[in-house]
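Enquirer: give me the fold of what follows.
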Amino acid sequence: MAYGPYPLISLKEARDKRDRDRKLLLEGIDPATVKKERKRAFEVERRGQFRTVAAELLEKNRLEGRARNTLKKKAWLIEMANENLGDLSVESITPSELLAVLKKQEAAGNFETASRLRTTIGEVFRYAIASGLTSNDPTQPLKGALVRKRVQSRAAITDPKRLGELLVAIDTYGGYRVVALGLKLLALLHVRPGELRLATWPEFDLEAATWAIPAERMKMRQPHVAPLPRQAVSILKELQEIGHPKAMVLPSQRLRIKPLSENTFNQALRKMGFSKEEMTAHGFRATFSTLANESGKWNPDTIERALAHVDGNEVRRAYARGAYWNERVKMAQWWADTLVTCPPQNPSP
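Expert: Below you'll find the predicted structure:
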């Protein structure tokens, strides 16, 4: 049996291994079988390491088509967990060990990060359980162990007069024109900022006045089709003249093949004089939801569909997609017309 090349393996080491194998043979044990079992045990141990399981989970999420930003944030949290847990077996990690890791984040004042880290670690353990590597999720006992910060809703303007002032500010914005047009579309279409920011031209059918947002960019991982009011179609046609068919719908000012950066919309709102406590880019969704519900004109389920708050039941989801479409088209135009007439009277968004 070969024990490795000389001088990497010394003569003494080779003799010691030979003597060990002879002893095994005298006991009726095949040294080659022992070697294979040791190798297999090492591979099993390595497969059960937290970092290995976490890497498999990330790859699974990538194959599922998760959004790039989602994967990036999850990878960042996993790397944070790996600093303390990476080399440990998922079978051996205890709730107290996890709590110590999470408390480090709380000690630094990162309460939201601690909560998200616990959630991500829990995903790793649930994947490990499904893979037969452990039967226990040590994050479960920690649900009440972390500091609970009161969740603050994203700021949104719901007063019609102040909303009118915001729309005037957007109309007269002196910065990059694409940013102003993007904010107008957010106001009109009440989608999540990331869904609009990463939009590409093939998703739009301006003749049919529809926008088909792919599942990988939706929070609920379901494709969403939004009706486009006349004002939105007009804005999109202006964006076509500004940009290029192969570029992003809202291209970066520096590099047209890149989208606007993640904080662009909120930065523009600050420059217009609207603080983060008063209005955020995501807040346009709450603005629409509040005023549409208060109007009493629309079925609440139609409003929920417009916001892409997807029903978990596939049959009901398919029904809702068809049943509410005509009303959603009417509501989209009503909302666009409402924005035009918001006091003070302002130019068309």
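
Enquirer: could I get the buried residue list for the helix or strand containing residue 294?
Expert: Per DSSP states H and E: residue 294 is located in helix 283-295. Residues of helix 283-295 classed as buried by neighbour count (16 or more other C-beta atoms under 10 Å): 283, 284, 285, 286, 287, 288, 289, 291, 292. Yep, even glycine has a C-beta here, placed from its N, CA and C like the rest.

Enquirer: kindly report the same for stretch 101-113.
Expert: Across stretch 101-113, burial judged by 16+ other C-beta under 10 Å covers 101, 102, 104, 105, 113.

Enquirer: distance of the first one from residue 111?
Expert: Taking C-beta to C-beta, to the nearest Å as the measure, residue 101 falls 14 Å from residue 111.

Enquirer: list phi and psi for residue 205.
Expert: phi -120, psi 100 (degrees, to the nearest 10).

Enquirer: that one pairs with what?
Expert: For residue 205, the beta-bridge partners are residue 210 (DSSP bridges).

Enquirer: neighbours around it, how many?
Expert: Applying other C-beta atoms under 10 Å, we find 12 residues neighbouring residue 205.

Enquirer: next: residue 227.
Expert: Count around residue 227 with other C-beta under 10 Å applied: 19.

Enquirer: what's it in contact with, if anything?
Expert: 209, 210, 325, 328, 329, 332 (C-beta atoms under 8 Å, 6 or more residues apart in numbering).

Enquirer: ok, back up a step: who are the packing partners of the helix holding residue 294?
Expert: On a contact count with 3 or more C-beta pairs under 8 Å, 6 or more residues apart in numbering; DSSP states H and E, helix 283-295 meets helix 160-171, helix 177-189, helix 300-306, helix 325-340.

Enquirer: any chance of the ones you listed in TSV, with mean pLDDT too?
Expert: Shown next, in TSV, are the helices and strands packed on helix 283-295 (pLDDT from 0 to 100):
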stretch	mean pLDDT
helix 160-171	93
helix 177-189	95
helix 300-306	87
helix 325-340	93
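
Enquirer: residue 80: which of the ones you listed is closest?
Expert: Between residue 80 and the helices and strands packed on helix 283-295, the shortest gap by C-beta to C-beta is with helix 177-189, which sits at 31.8 Å.

Enquirer: so what touches that closest one?
Expert: 167, 170-171, 173, 193, 196-197, 211, 226, 228-229, 231-232, 235-236, 238-239, 242-243, 250-251, 253, 260, 264-265, 268-269, 281, 284, 287, 332, 335-336, 339, 349.
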